[in-house]
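K.L.:
Turn this into a structure:
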Amino acid sequence: MDSNAPRDKYNAVWLIFFILGLGSLLPWNFFMTATMYFTNRLKDPPIDGTTIGGDTLSFLESIFNNVITLSSMVPMLIFSSLNSFIHQRIPQKLRISGSLAAILVVFLLTAVLVKVEMAPLTFFCLTITKIICINSFGAILQGSLFGLAGLLPVSYTTPIVSGQGLAGIVAAVSMICALATGTALHDSAFGYFIMACVVILLAILSYLALPSIEFFQYYMESNRPRMSTDQEKKQDKPDVVVSCSEEADKPVVSVVAIFKQMWVVAMSICFVFTITIGVFPAVTVDVHSTIADGGAWDIYFIPVSCFLLFTVMDTIGKTLTGICKWPGADSIWLPILVGLRVVFVPLFMLCNVQPRHYLPVWFGHDSWYIFFIILFSFSSGYLATLCMCFGPKMVAPHERETAGAVMVFFVSLGLALGATFSFAFRAMI
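P.N.:
Take a look at the predicted model:
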């Protein structure tokens, strides 16, 4: 941290970045938590008061998870890529506050539609459209946030990812509470969406307060490209027209040049998310308990052992990077540790995943599954955050915002690759 920088009084900037991190992922986590609500509304309508097919899934129900994955990852990848280039042309304030406002509108609409009856096909089309919008604006929001954090000391990336981790924990706890209280699907979904709206609104207000903080102002000024003495003199003269050659003297930010400087951490974070999304939740959610024997543990096994435990350990891993940053950005151990995570793919495939057709069960007891989840989620959170902290700091100060956007693109690429491989991993079991 710069010795001349003012103090972050009351950790105000840190807390604002934490809230922004929470606001960037809590809505999406609540959206995913309410999957049962969405699929329930896609059931075929009854004819003459009788339900068709009993427990048989309707066509829209059967394709919902696949379509939701596709409509999540593809827009995120496209807009993360676009954000790497358009962020230099669109003001940061518009990108962040505009994206938050758009997501807020989508969730307000989603909350309203909970109370509106409509045909399954119409509801399906509206839901997929909302998912595309959320992930498109979410990609721009996250790319801009990490780019902005790259202008501050390296420790200010941690509150964003910690906030995102807490978003997963809140969503998982909400799901468990809904199961425990027996809350109706419609009521719990409405509560999720309203809470998401409140958090987004808080994030917008927090972001608008950010420029008034002296600590933040100092780093924005210190990272702004400086003009030469001649340029400053000419700028002071109103009648002097700046020539094209002088415009060319401004620092040019090349995405390709930035990637060449930090390709190791960029590819590392891509691989981390490829492995994580490749098995979670596509494979991990289908693991069945071998000790529950039809009791309460059967109901809570996946919500607790899969979702809650994953989000808690993932958040701990993310938060630990604020204290310890080993291995370093230039250490060979970073890509080695990232590469070793590939072992989790066969480990989870050999757990008690049901139904299965090809592979045997080697790790049938619940304790094996829980042990693997702890290591898997902790390493995902720690290594991904480490890469995200290092990336923007490996380039010149005026390139850091672009570097943050590039890193988010590789996060999105990892998510898309993981979602693609997840179908193959599940089919191999």
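K.L.:
where are the low-confidence patches of the stretch 151-300 of the chain?
P.N.:
For the stretch 151-300 of the chain, the stretches with pLDDT under 70 are 224-253.
K.L.:
just the helices in it please.
P.N.:
158-181, 185-209, 214-222, 229-236, 244-248, 255-279, 296-300 (DSSP state H, counting those that start in this stretch).
K.L.:
Could you pull up phi and psi at Val353?
P.N.:
phi -80, psi 130 (degrees, to the nearest 10).
K.L.:
Quickly list the domain ranges of the protein.
P.N.:
Domain assignment for the chain by automatic domain parsing gives 9-44+60-221, 251-429.
K.L.:
Those domains into CSV, with extra columns for mean neighbour count?
P.N.:
For glycine as for every other residue, the C-beta is placed from the backbone atoms N, C-alpha and C. Listed next are these as CSV, based on neighbours: other C-beta atoms under 10 Å:
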stretch, mean neighbour count
domain 9-44+60-221, 19
domain 251-429, 19
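K.L.:
Point out where the stretch 1-150 of the chain drops to low pLDDT.
P.N.:
1-3, 46-56.
K.L.:
50 - rerun?
P.N.:
For the stretch 1-150 of the chain, residues meeting the criterion pLDDT under 50 lie at 49-54.
K.L.:
what residues does stretch 107-119 touch?
P.N.:
27, 31, 37, 45, 123, 126, 130, 186, 189-190, 193-194, 196-197, 200 (C-beta atoms under 8 Å, 6 or more residues apart in numbering).
K.L.:
sec struct for the closest residue to Ile373 other than its chain neighbours, please.
P.N.:
Nearest non-adjacent residue to Ile373, counting by C-beta to C-beta, 6 or more residues apart in numbering: Leu309, 5.3 Å away. Classification of Leu309 by DSSP: H, G, I helix; E, B strand; the rest coil places it in helix.
K.L.:
mind checking how far Leu309 is from Ile204?
P.N.:
Between Leu309 and Ile204 the computed distance is 32 Å (C-beta to C-beta, to the nearest Å).
K.L.:
Please apply the same query to Ile176.
P.N.:
In terms of C-beta to C-beta, Ile176 sits 29 Å off from Ile204.
K.L.:
and Gly138, which of the three is it?
P.N.:
Secondary structure, three-state DSSP: Gly138 is helix.
K.L.:
Just to check, it is in contact with Trp28?
P.N.:
Yes: with contacts counted by C-beta atoms under 8 Å, Gly138 reaches Trp28, the gap being 6.4 Å.
K.L.:
circling back to that earlier point, Throw the helices of the stretch 151-300 of the chain into CSV and include distance to Phe425, thanks.
P.N.:
Formatted as CSV, the helices of the stretch 151-300 of the chain follow (distance: least, C-beta to C-beta, whole Å):
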stretch, distance to Phe425
helix 158-181, 21
helix 185-209, 29
helix 214-222, 43
helix 229-236, 56
helix 244-248, 50
helix 255-279, 6
helix 296-300, 24
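K.L.:
Quick check: which of these is nearest to Val13?
P.N.:
The closest of these to Val13 is helix 214-222. By C-beta to C-beta, the value is 5.3 Å.
K.L.:
any idea of the angle that closest one forms with helix 185-209?
P.N.:
Calculated by axes from the mean of the first three to the mean of the last three C-alpha atoms, to 10 degrees, helix 214-222 forms an angle of 70 degrees with helix 185-209.
K.L.:
Which strands and helices lie in contact with helix 214-222?
P.N.:
With contacts taken as 3 or more C-beta pairs under 8 Å, 6 or more residues apart in numbering; DSSP states H and E, helix 214-222 sits against helix 12-33.
K.L.:
Name the next helix or strand downstream of the helix it packs on, please.
P.N.:
Toward the C-terminus, helix 12-33 is succeeded by helix 35-40 as the next helix or strand (DSSP states H and E).
K.L.:
now for the helix or strand following that next one, which elements pack on it?
P.N.:
Downstream of helix 35-40, the first helix or strand assigned by DSSP H and E is helix 59-86. Applying 3+ C-beta pairs under 8 Å, 6+ apart, one finds that helix 59-86 contacts helix 35-40, helix 120-149, helix 400-428.
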